[in-house]
Every structure is written in C-alpha cells, then in structure tokens.
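S.K.: Kindly return the folded structure for what I paste below:
(chains A and B)
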2 protein chains.
Amino acid sequence: MSKHLQHDLDRLKKEILAMGALVEEAINRAIASLTNRDAALASQVLEGDDAIDRKEVEVEDMCLKMLALHQPVAGDLRYIIAVLKVNNDLERMGDLAQNIAERALFLATHEPIEVDLDFSRMVELVRRMVGQSLDALVNQDPVLARRVCMQDDEVDRLQRNMFEVLQALMTKDPRTVERAVQMLSVSRHLERIADSATNVAEDIVFMVEGDIIRHRADPARNPPRVRR
Amino acid sequence: MSKHLQHDLDRLKKEILAMGALVEEAINRAIASLTNRDAALASQVLEGDDAIDRKEVEVEDMCLKMLALHQPVAGDLRYIIAVLKVNNDLERMGDLAQNIAERALFLATHEPIEVDLDFSRMVELVRRMVGQSLDALVNQDPVLARRVCMQDDEVDRLQRNMFEVLQALMTKDPRTVERAVQMLSVSRHLERIADSATNVAEDIVFMVEGDIIRHRADPARNPPRVRR
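M.R.: Residues are numbered from 1 along each chain as shown, chains lettered A, B, ... in the order given. Take a look at the predicted model:
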C-alpha cells in the first residue's frame, strides 16, 4: 500500500470516529433532555445538527476522493465503502436525536403524564447499542458488532410494550393524547436509533469479514459467540 | 472505457431499475390495500419483501465487484457510488411499504374511522414523487430530480395537518385511539417514503453533476428551474 493511501486511511478513520462522537453526544443529550425535562439541553441538541450534517458531507467527500485517487482494492476498498455506509447511518441517527430533542422540548414545557412507564430500560439498551457499535467501529471488532445486532429484538419488544401502555392511557384519559403521542414518537425514534446502530454493526462485519449479514435469519446473522 | 466495464454498467443499470420497479410496485400496492381496505393485497405486499431484500444484496454485490475489478474513475465511479446509495434508499422505501401494508391489514379488519380526513392528496403526492424519482434515475435527469426535492415540503405540511386532525379525533372520541394511532403511523411512513424519494433524487443530481445538494438551504438546493 502506498504511504499516501495509508495516510489518507488514517485520516478517514479519525474523521468517521469524530462523526461518531458527535452523534453519540447528540443522542445522549437528547435522552438526558427528555429524562430530566431539560428544555435548554434539548435546544442545544437542535443547534448541533448543522455540525453533524457538515461532517457527514466532509466524510463522504473524503471517501469519494480516496476512491478516485487511490483506486484501492480488497480490504481497503471494503473499508472505504463501509465508512460511506456507516457515515450515512450516523447522520440518520443524528436526525433521530434531533427529533427526540424536539419532543423533549414539548414535554418539558407540559405537565408530565402520570403513567407507570419505564423508559429507562429501553433508553439504557439503546445507549449501550450506540456505544458498542462505535466501539466496534474504533476497534474493527466483528464480535462486538454481532453482539449489537443481537440486542435489536429486545428493543423492538420494549417499543411494542410502550406502544400498548400509551395507547391504553390515551383511551382511558383523552386529556393525555397530545403528550402520549409525543411519547409514542420518542419511543419510535429510540427504536429507529437502535435499528441504525444495528446497520452500523452490520457494516462493520462486512468491513472486517467481507460478509453481508443483513436480511439474514437470526441464526446465520448471529453465529455462536466466539470467545476472545 | 473498456467494453467489459460498459457491459457491466449496462447490467447494473438494468438491475437498479428492476429494484426500483419492485419497490414502486410494493408502495403502490400498499397504498391501494389501505385505500381499498384490501387485506389480501396487503398480505401480498408483506410476502414480496424478501424479493426486495435479495435484490438489494445483489445490486450492492455487483457494485462492489465492479469497483474492485474495473477501478473506475470520474463519472463511472460516481455512478456506481450513486447506485449504491439509491439501492439503500430503495430498500428502505420497500420496508416502509411493508409497514404501511401491516397497518392496512389492521385497518381493513376494523370498522373505518368516521373522520373528515383526506388522505388522497398526500397519497397522490407521494406516489408522484416516487414515480418521478425513478424516472429521473432511468433518464439520469437532474432537472426532474430537483423537482422531486421541491415537493417534499408540501408532504411535510400535509403530514403535520394529518397529525392535528387525528390527535383531535382521539381526544374527542377515545374509542378511535387504536385505529387513529395506526393511521398516524401510515401518514408518518408516507412522509418517510417521500423523504427517501428525495434522497434518491439528491443522489441522482450528484450522479450527473457531481454536486452534493443535501443539507443545503432550499434556494441553493433548488436553483431556478431550467426550461427544457
């Protein structure tokens, strides 16, 4: 590999990790603004979206220039393509964080709903999936990436549960409709963040092993865990 | 350009158009199953998703092989990268069609909600955006692609309106909550299909002109219309 290509690959790695850090921070802040009913923090998330969008365009531009300039093959080519895809997923996750912050802004300025609703399990799981998918990216670790994919079903289950609880609440007490609809929206966005983290994880498996694992039934997608 | 590359580019074009046709059919059927309360048609959409997923993997695989084998530059490189991205957006649109079909299945087997709700304008607009984005892809037409982008705001406006109407309905008549939540979900999925069509259109502008137009303020993203 040319020194020049190696240099650019190192720079690309730094950039995609910087993008990941921006997005993770946006997600964590959006969640904190929701759970702490903190309107000021929610506003900060909304203001941060431009920086994420700019970084996305920068990373994509860098990938395209590297493909054109170095015409990389095999592992390097796969790496750059995977970064392109991860970049796209991260930008989407940033958008979802922004959507959650918008709902948090609304909810922080309205009376809380009285309902036995445990968001914390879902929130923790989504935060963990995001963190692990980025760790898997930093360390190019397909084992950790596969672990991220395995957690997605649990998030789906929690989201369906949330859906039932909120629907029952609205039926029982129509005064809650507006706020419950906002909460529904939050839980759906959390679930979509988990989906995107799963996409990132799938891209990492492809990056390292050259294997397209999405759309596979679970046993193939989640082979027996390798002990490290 | 080598004959072999030209041959592969032609094949790739056929494949991405076949993918587009599958997805457009799924969307049109999902919408028809909703508006005609046709549970059998909704089930057909659900069964068709595997074919879309398989096609997506095929197209991606073809793009990667072409990048590795031909090491294309300039316009050809941009074309293949754009196909990779369009392919990804189309697969997402297929998923959204499937989600709409699931809601249609529920709604077709429950009493219709009595509400003055005109879905038809939104549905028509989304169908048109999907159709035009695929036409722009077939003809590599950035003017038509930009026209698709310009319609996205109108869909957002219609969706917000839908949201207000359904929320008011649930508050007034709590017996409608379950069905109204399903309708809310449909309108959000339609709006996301329009977003994806806009993404496809942006990819086409990039493909033809090498210009990344997403995340731009509207005047830049939508320059004065060129008369053809």
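
S.K.: near chain B, which residues of chain A show up?
M.R.: A:53-54, A:56-57, A:60-61, A:64, A:67-68, A:71, A:73-74, A:77-78, A:81, A:84-85, A:88, A:163, A:167, A:170-172, A:174-175, A:177-178, A:181, A:184, A:212, A:214-215 (C-beta under 8 Å from any C-beta of the partner chain). From N, CA and C alone the C-beta is placed, and that goes for glycine too.

S.K.: Kindly recompute the last result at 7 Å.
M.R.: A:53, A:57, A:60, A:64, A:67-68, A:71, A:73, A:77, A:81, A:167, A:170-171, A:174, A:177-178, A:181, A:212, A:215 (C-beta under 7 Å from any C-beta of the partner chain).

S.K.: Quick check on those: which are buried?
M.R.: Neighbour counting with 16 or more other C-beta atoms under 10 Å in any protein chain shown marks A:53, A:60, A:64, A:67, A:71, A:77, A:81, A:167, A:170-171, A:174, A:177-178, A:181, A:212 as buried within those.

S.K.: For these, name the two members farthest from one another.
M.R.: Within these, A:Gln71 and A:Pro174 form the most distant pair, 62.5 Å apart (C-beta to C-beta).

S.K.: What segments of chain A are strands?
M.R.: Secondary structure of chain A (DSSP state E): no strands present.

S.K.: Could you point out which residue ranges in it have low pLDDT?
M.R.: Along chain A, segments meeting pLDDT under 70 span A:1, A:212, A:216-228.

S.K.: quick one, helices of chain A?
M.R.: Along chain A, the segments classed as helices by DSSP state H run A:3-35, A:39-70, A:74-108, A:119-138, A:142-150, A:152-172, A:177-209, A:218-221.

S.K.: Next, the angle from the third one to helix A:119-138.
M.R.: Spelled out, it's helix A:74-108. Counting by axes from the mean of the first three to the mean of the last three C-alpha atoms, to 10 degrees, helix A:74-108 points 160 degrees away from the direction of helix A:119-138.

S.K.: if I pick A:Met66, what's in contact with it?
M.R.: Listed by C-beta atoms under 7 Å, 6 or more residues apart in numbering or on different chains, the contact set of A:Met66 reads A:8, A:12, A:72, A:80.

S.K.: which two in the residues you listed are spaced the farthest apart?
M.R.: Once C-beta to C-beta is applied, the contacts of A:Met66 give A:Leu12 and A:Pro72 as the farthest pair, at 11.0 Å.

S.K.: the more surrounded of the two?
M.R.: A:Pro72 (22 against 19; other C-beta atoms under 10 Å in any protein chain shown).

S.K.: for the more buried one, phi and psi?
M.R.: A:Pro72 has phi and psi values of phi -70, psi 160 when expressed as degrees, to the nearest 10.

S.K.: I'd say it and A:Arg78 touch.
M.R.: No. Contact criterion C-beta atoms under 7 Å: A:Pro72 and A:Arg78 do not qualify, at 8.9 Å.

S.K.: Please enumerate the shared neighbours of these two.
M.R.: With C-beta under 7 Å, 6+ apart, A:Pro72 and A:Arg78 have no common neighbours.

S.K.: who's in contact with the nearest residue to A:Gln182 once chain neighbours are set aside?
M.R.: Leaving aside its chain neighbours, A:Gln182 sits nearest to A:Arg103 (4.7 Å; criterion: C-beta to C-beta, 6 or more residues apart in numbering or on different chains). A:Arg103 sits next to A:182, A:185-186 when contact means C-beta under 7 Å, 6+ apart.

S.K.: May I see the buried residues of stretch A:124-136?
M.R.: Of the residues in stretch A:124-136, A:125-127, A:129-134, A:136 count as buried by neighbour count, 16+ other C-beta under 10 Å.
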